[in-house]
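K.L.:
Here is a sequence with its predicted model. Questions after.
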Amino acid sequence: MKQDYYEILGISKNASTAEIKKAYRKKAIEFHPDKNPGDAKAEEMFKKAAEAYEVLSNEDKRARYDRFGHQAFENGGFGGGGGMNMDDIFSQFGDIFGGAFGGGGGFSGFGGFGGGGQRRMKGSNLRIRVALTLEEIANGVEKKIKVKRKVQAAGTTYKTCSTCNGTGQITRITNTILGRMQTASPCTTCGGSGQMIDKRPADADAQGLVMSEETVSIKIPAGVVEGMQLKVSGKGNDAPGNGVPGDLLVAIEEKEHPFLQREGDNLHYDLYISLSEAVLGSSKEIETVSGKVRIKVDEGVQSGKILRLRGKGVPNINGYGRGDLLVHVNVWTPKTLSREQREFFERMATDEHFQPKPEKSDKSFFEKVKDMFT
């Protein structure tokens, strides 16, 4: 089981943005590879801290994590169990460390950031929406979606950036009353990659990229909810040169069902029966998200009765079991009667068996609503 992000950073769930950043900086400095060379455990803690910070420092991701836990980011990549490599960490969060590890951008000799501080650019993310039926949500589904994304054009070649001479950084030295101070910042010409385009095909853009269409397979776990976002790592736009591809962000939409209504993990179904079925009882077949089931309607059932089919709802996204199917019984009263039928009911109007006799077991409307949530 994955460790809680708040626990990794050693903060409470009510921590402010500033407290989250401070806690991450402390952990990152403590487990930084420059301070712990060859220590695999420290490297793992360094990555975990970065993963936790990436989620908790983002307002939207933090809200989804608080609601759904690690399942909110299932289906690939960082923030959902895939982990983050050193290039990602140094590229995204290098500013947090400041000058904690001296010149050269704060890092040296690790994961492609060695020596000159060269950084791998990351391509932009793509966002799509996927509409799912209630059956797909309840059972999980694998969708194959056609996605248009920018990829490296065949035949594109690169050369060393003439501005930073391939280091990926611009170093400046200034004189202060405390002495000479050296600062480094990413090269604005190459974006920190240390490379520039030398030659590119005529159909490529200025970054050497062309538009391409490919089919992406997206595994969607059971129990997702409207508005949840899944991430497919590396299926966004390519980055120039030897950069890291962006991610594909998939927003979940829920299609309206013709006869089932969803409420959290529970489902609601309106069952209509005739007056004779209510009096005599019956057996009815109904459709659920996992197939057809037959239920027994007792004789003398009252309109408004709720029959609970346990485990016939939607699986909980965090693995806490499965919801129920609540069947609401509605007795259908005929609007028109033949003369014989009317005469029958007129005779029955004074019969004691046709007079309302609420029993203690017949709950009020509000009690029935309360039962739905217990």
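P.N.:
Sure, I can see it.

K.L.:
what are the ranges of the helices in the stretch 51-200 of the chain?
P.N.:
Using DSSP state H, counting those that start in this stretch, the helices of the stretch 51-200 of the chain run over 59-68, 86-97, 134-139.

K.L.:
How about the strand or helix carrying Ala28, which residues are buried there?
P.N.:
Element membership of Ala28, judged by DSSP states H and E, is helix 17-30. By 16 or more other CB atoms under 10 Å, the buried positions in helix 17-30 come out as 20-21, 23-25, 27-29. Yep, even glycine has a C-beta here, placed from its N, CA and C like the rest.

K.L.:
just these now: which is nearest Ser57?
P.N.:
Distances from the buried residues of helix 17-30 to Ser57 were compared by CB to CB; the smallest belongs to Ile20, at 5.7 Å.

K.L.:
Double-check that closest one against Leu56; I have them as touching.
P.N.:
Yes - using CB atoms under 8 Å, Ile20 makes contact with Leu56 at a distance of 5.1 Å.

K.L.:
still on that earlier bit, want to try TSV for the buried residues of helix 17-30, with pLDDT and distance to Ile306 as columns?
P.N.:
Converted to TSV, the buried residues of helix 17-30 look like this (pLDDT from 0 to 100; distance: CB to CB, whole Å):
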residue	pLDDT	distance to Ile306
Ile20	93	44
Lys21	91	49
Ala23	92	48
Tyr24	91	49
Arg25	89	54
Lys27	90	50
Ala28	86	53
Ile29	86	58
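
K.L.:
Nearest to Lys335 among those residues?
P.N.:
The closest of the buried residues of helix 17-30, once distances to Lys335 are taken by CB to CB, is Ile20, at 62.8 Å.

K.L.:
thinking again about what came up before, could you identify which of the helices of the stretch 51-200 of the chain has the lowest mean pLDDT?
P.N.:
Least confident of those, judged by mean pLDDT, is helix 86-97 with a mean of 52.

K.L.:
quick one on the thing from earlier: who touches both of Ile20 and Leu56?
P.N.:
Both Ile20 and Leu56 are contacted by Leu9, under the criterion CB atoms under 8 Å, 6 or more residues apart in numbering.

K.L.:
Flag the shaky bits of the stretch 151-300 of the chain, pLDDT-wise.
P.N.:
Judged by pLDDT under 70, the stretch 151-300 of the chain has its weakly predicted residues at 177-179.

K.L.:
Distance check, Lys35 against Ala42.
P.N.:
8 Å (CB to CB, to the nearest Å).

K.L.:
Thank you kindly, that will do.
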